[in-house]
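1. Please find the sequence and the predicted model below.
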Amino acid sequence: MSKVKDMSLAKEGIRKIEWVQRHMPVLEHIKKEYEETQPFKGITIGSCLHLEPKTINLGLTLQAGGAEVAMTGCNPLSTHDDAVAGAADLGLNIYGWRDQDDEEYYQTINMVLDHKPDIIIDDGADMIMVLHNERTDVLKHIKGACEETTTGVHRLEAMHKDGALKFPVVAVNDAYTKYLFDSRYGTGQSSFDAIMGTTNMLIAGKSVVVCGYGWCGRGIALRAQGLGANVIVTEIDSIRALEARMDGYRVMKIRDAVKEADLIITVTGNINIIHGDDFKYMKDGCMLCNSGHFNVEINRQDLEAQSTDVREVRESIEMFTMKDGRKIYLLADGRLVNLSAARGQGHPAEIMDMSFAVQALSAKYILNNDLEVGVTKAPDDIDYEVANLKLKAMDIEIDTLSERQKEYMCSWKEGT
Ligand SMILES: NC(=O)c1ccc[n+]([C@@H]2O[C@H](COP(=O)([O-])OP(=O)(O)OC[C@H]3O[C@@H](n4cnc5c(N)ncnc54)[C@H](O)[C@@H]3O)[C@@H](O)[C@H]2O)c1
Ligand SMILES: N[C@@H](CCSC[C@H]1O[C@@H](n2cnc3c(=O)[nH]cnc32)[C@H](O)[C@@H]1O)C(=O)O
């Protein structure tokens, strides 16, 4: 079953799915293994992930392993209608289209839950929230869930702390082969890919403010520096602020940073990073975007309240005319610019290869283990399996410890 925008886009969607398959060797390896071993025979897997070609390839991998797969999107703006049509043509149950309103977004989450999934794969925890708050009828079927992103993990940990979480969750985000590459290099590259594609503007010589120096912030700052920007970091954590300083960036309070900014990118997972009077201090022409979470990091209502006119001046760019005549630009409605901008394509296929390999292996881990209710990191075995497969696909060999080295590493008796 499916509910998509336009099935005539299926051919182009399948072309794009085939393209990413050529660049996701780890997932392709797992797909072949699953075809033979059928770990998900008789199991239904429901996902709430950005609907684009790489995610469809994860769906096809789970389907190859015997699962009935039902998919929807985790962001109203990030769906690629051609890939979704292609997925429907390839036999996946898929519900979603680009530019959903809130009602449609939650409707399609419910359509996936109507399949009564045994396992959930979520990104941001919206589907898990719906399950606990509205669809308690489906709860009894759930064996466990996998969560893709940092803020989703934080929400679920908070839920567990309150005693509200009803099943085990594997924090896929917390696997090394996820956050070290996806959150850092993936967000670094795909954010600039989307910002530059959307604006057709130069980055060299600009003052780029990165709010939050976590894994995403580190990746974005590194790419901004590589593109020739003058990078400023804002933080609330003193250790991360120090790290940013010693990585070579200027660090300051947001109120000082906004005065210098040509481009501001928020990646904190937090609310109201840019809000209230911050907009008053911005230069004419300042550009704002978010690559962190939902549409809450930049307070659009505050910006709108201080402006006399708002209009779309280019696809995915809104221009706010302030009362004093300054223009401030907001990209992709303040939602994740790398996925929600019309030009946003998400992370490179080679990156999602690892994140989605962790997802595919974690779904099997949930089935084969009687996990306790709570949030646990994906096990190290999965991390090393993915890393080893990736190195092999990249034709990179590494050394192994000799017996003498192993013995030395475990001993305490040998000194200077
Ligand atoms: N765009 C994408 O494709 C993508 C990819 C991965 C993660 N994410 C999302 O990006 C966000 C960041 O993820 P992460 O893994 O880097 O998280 P993280 O926890 O490693 O980093 C977030 C950083 O923001 C800082 N921070 C919090 N409040 C702040 C404030 N008011 N001002 C300045 N800094 C503040 C924290 O101290 C922390 O260092 C999350 O919401 C995550 O879900 C997006
Ligand atoms: N669903 C929320 C939460 C943030 S999504 C952030 C996650 O998107 C994932 N992501 C980034 N690029 C892609 C992609 O191209 N396809 C699928 N997922 C992606 C990435 O793993 C990251 O953890 C929202 O849209 O606001």
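-> Arrived safely, thanks for sending. Ligands and ions are numbered 1, 2, ... in the order given.
2. what's the neighbour count on the closest residue to Lys3 other than its chain neighbours?
-> Leaving aside its chain neighbours, Lys3 sits nearest to Tyr95 (4.6 Å; criterion: CB to CB, 6 or more residues apart in numbering). Every residue, glycine included, has its C-beta placed from N, CA and C. Residue crowding around Tyr95 was assessed by other CB atoms under 10 Å; the count is 25.
3. cool, Arg343 as well?
-> Residue neighbour count, defined by other CB under 10 Å, stands at 18 for Arg343.
4. and it, helix, strand or coil?
-> On the three-state scheme (DSSP: H, G, I helix; E, B strand; the rest coil), Arg343 is labelled coil.
5. Let me see the contact set for the residue nearest to Lys3.
-> Contact analysis of Tyr95 by CB atoms under 8 Å, 6 or more residues apart in numbering lists Met1, Ser2, Lys3, Val4, Ala70, Met71, Thr72, Thr108, Met111, Val112.
6. Quick check: mean pLDDT of the strand or helix carrying the fifth one?
-> So that's Ala70. Counting by DSSP states H and E, the element that carries Ala70 is strand 68-72. Strand 68-72 carries an average pLDDT of 98.
7. repeat for stretch 159-167
-> When pLDDT is averaged over stretch 159-167, the result is 98.
8. circling back to that earlier point, what's opposite the residue nearest to Lys3 in the beta bridge?
-> In this structure, Tyr95 bridges to Lys3, Thr72 when assessed by DSSP bridges.
9. Show the buried residues in the contacts of Tyr95.
-> Applying 16 or more other CB atoms under 10 Å to the contacts of Tyr95, the neighbour count classes Ser2, Lys3, Val4, Ala70, Met71, Thr72, Thr108, Met111, Val112 as buried.
10. So which of the residues you listed reach ligand 1?
-> Of the entries in the buried ones among the contacts of Tyr95, not a single one is placed beside ligand 1 under the rule of CB under 6 Å from any ligand atom.
11. Make a markdown table out of those residues and add distance to ligand 2.
-> Supplementary listing: the buried ones among the contacts of Tyr95 in a markdown table, determined by distance: CB to the nearest ligand atom, whole Å:
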| residue | distance to ligand 2 |
| --- | --- |
| Ser2 | 19 |
| Lys3 | 20 |
| Val4 | 17 |
| Ala70 | 17 |
| Met71 | 11 |
| Thr72 | 11 |
| Thr108 | 14 |
| Met111 | 17 |
| Val112 | 14 |
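12. and which of the residues you listed is nearest to Asp81?
-> Distances from these to Asp81 were compared by CB to CB; the smallest belongs to Val4, at 6.8 Å.
13. With Ala342 as the reference, measure out to the closest one.
-> Separation of Val4 from Ala342 (CB to CB, to the nearest Å): 18 Å.
14. again, but for Ile274
-> Using CB to CB, we find Ile274 at a distance of 22 Å from Ala342.
15. of the two, who's got more company?
-> Higher neighbour count among Ile274 and Ala342: Ile274, with 27 against 15, using other CB under 10 Å.
16. for that one, what are its contacts?
-> Under the contact definition (CB under 8 Å, 6+ apart), the residues listed for Ile274 are Cys211, Ile254, Val258, Ile264, Thr266, Leu288, Glu297, Ile298, Asn299.
17. So for Phe40, what's the nearest residue that isn't a sequence neighbour?
-> Nearest residue to Phe40, sequence neighbours excluded (CB to CB, 6+ apart): Ala67, at 3.5 Å.
18. looking at it, that neighbour is touching Ile45, isn't it?
-> Yes - between Ala67 and Ile45 there is a contact under CB atoms under 8 Å: 4.6 Å.
19. coming back round to it: out of the contacts of Ile274, which comes closest to Lys41?
-> Using CB to CB, the contacts of Ile274 come closest to Lys41 at Glu297, 42.2 Å.
20. Look up which residues are beta-bridged to the closest residue to that closest one other than its chain neighbours.
-> The spatially closest residue to Glu297, leaving aside those adjacent along the chain, is Thr266, at 3.9 Å (CB to CB, 6+ apart). With DSSP bridges as the criterion, Thr266 is bridged to Cys211, Asn290.
21. Look up how far Ile142 lies from Thr266.
-> Taken as CB to CB, the spacing of Thr266 relative to Ile142 amounts to 33 Å.
22. Give me the more crowded residue out of the two.
-> In terms of neighbours (other CB under 10 Å), Thr266 is the more surrounded of Thr266 and Ile142; the figures are 29 against 20.
23. How about the contacts made by that one?
-> Taking CB under 8 Å, 6+ apart as the contact definition, Thr266 lies against Cys211, Gly212, Ile273, Ile274, Cys289, Asn290, Ser291, Gly292, Glu297, Ile298.
24. Would you format the residues you listed as JSON lines with pLDDT included?
-> Formatted as JSON lines, the entries for the contacts of Thr266 read as follows, by pLDDT from 0 to 100:
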{"residue": "Cys211", "pLDDT": "98"}
{"residue": "Gly212", "pLDDT": "98"}
{"residue": "Ile273", "pLDDT": "98"}
{"residue": "Ile274", "pLDDT": "98"}
{"residue": "Cys289", "pLDDT": "98"}
{"residue": "Asn290", "pLDDT": "98"}
{"residue": "Ser291", "pLDDT": "98"}
{"residue": "Gly292", "pLDDT": "97"}
{"residue": "Glu297", "pLDDT": "98"}
{"residue": "Ile298", "pLDDT": "98"}
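25. Please identify the one among the residues you listed that lies nearest to ligand 2.
-> Distance to ligand 2 across these (CB to the nearest ligand atom) is lowest for Gly292, with 7.5 Å.
26. which one is the closest one nearest to, not counting chain neighbours?
-> Of all residues apart from its sequence neighbours, Val267 sits closest to Gly292 (CB to CB, 6+ apart), at 4.3 Å.
27. per-residue confidence for Gly13?
-> pLDDT, Gly13: 98.
28. I misspoke; the intended subject was Thr108.
-> The per-residue confidence score, pLDDT, reads 98 for Thr108.
29. can you pull the contacts of the residue in the stretch 101-250 of the chain that ligand 1 sits nearest to?
-> Among all residues of the stretch 101-250 of the chain, Gly214 sits closest to ligand 1, at 1.7 Å; criterion: CB to the nearest ligand atom. Under the criterion of CB under 8 Å, 6+ apart, the contact list for Gly214 reads Thr150, Ser183, Arg240, Val267, Thr268, Gly269.
30. Recalculate using a threshold of 10 Å.
-> Gly214 makes contacts with Thr150, Tyr179, Ser183, Arg184, Thr187, Glu235, Asp237, Arg240, Val267, Thr268, Gly269, Gly292, as judged by CB atoms under 10 Å, 6 or more residues apart in numbering.
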